[in-house]
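Enquirer: predicted model and sequence follow; I will ask about them next.
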Amino acid sequence: MTPDAALDQFAFLVGLRLMGTDARRRLRIALVRSPDFAGQPGFDVERAERLDALLDGRRPPETLQDRVDLARVARERTAAPFGPSFWTERRAELVAAGFEPEQAARLVDEVRGRVDPSSGGVVAQPEEETA
């Protein structure tokens, strides 16, 4: 992976975490419905749609798996979006893409300080536009 691609992936993964679990699930469903994804293995669309209906209250829990899914999603919704392993993995990916370890650590720490309240940094606020 090139350094530019690694930075793009880093930004994409941070953005996905900031979306929240429900928005990510809906994004996955929308993507697999795309004609470009048709016939691709690896994603059970029917299961995802059943889970979506369960979580939105369009159907009641009927099975033990439904109750397990509800408990798992409740945990995911209350969990912090970023854990220490997330940042460690991003640092390793940047180093593997050609960044110096110190530079990768600095980049990750800068982003972490802006988006992760548990890091002691300030959550990013929209920048004011200047005329």
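Expert: Structure's in. What do you need?
Enquirer: going forward, measure contacts between C-alpha atoms and count neighbours the same way
Expert: OK.
Enquirer: low-confidence stretches in the chain?
Expert: Filtered on pLDDT under 70, the chain yields the residue ranges 38-39, 119-131.
Enquirer: tell me the domain ranges of it?
Expert: 21-80, 81-131 (automatic domain parsing).
Enquirer: pick the most buried one from those domains.
Expert: Among the domains of the chain, domain 81-131 has the highest mean neighbour count (mean count of other Cα atoms under 10 Å), at a mean of 14.
Enquirer: can I get the domains of the chain in JSON lines including distance to T2?
Expert: JSON lines is the format used below for the domains of the chain (distance: least, Cα to Cα, whole Å):
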{"stretch": "domain 21-80", "distance to T2": "25"}
{"stretch": "domain 81-131", "distance to T2": "5"}
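Enquirer: what's the nearest residue to A105 if we skip its chain neighbours?
Expert: Counting by Cα to Cα, 6 or more residues apart in numbering, A105 lies nearest to R91, which is 6.0 Å off, once chain neighbours are set aside.
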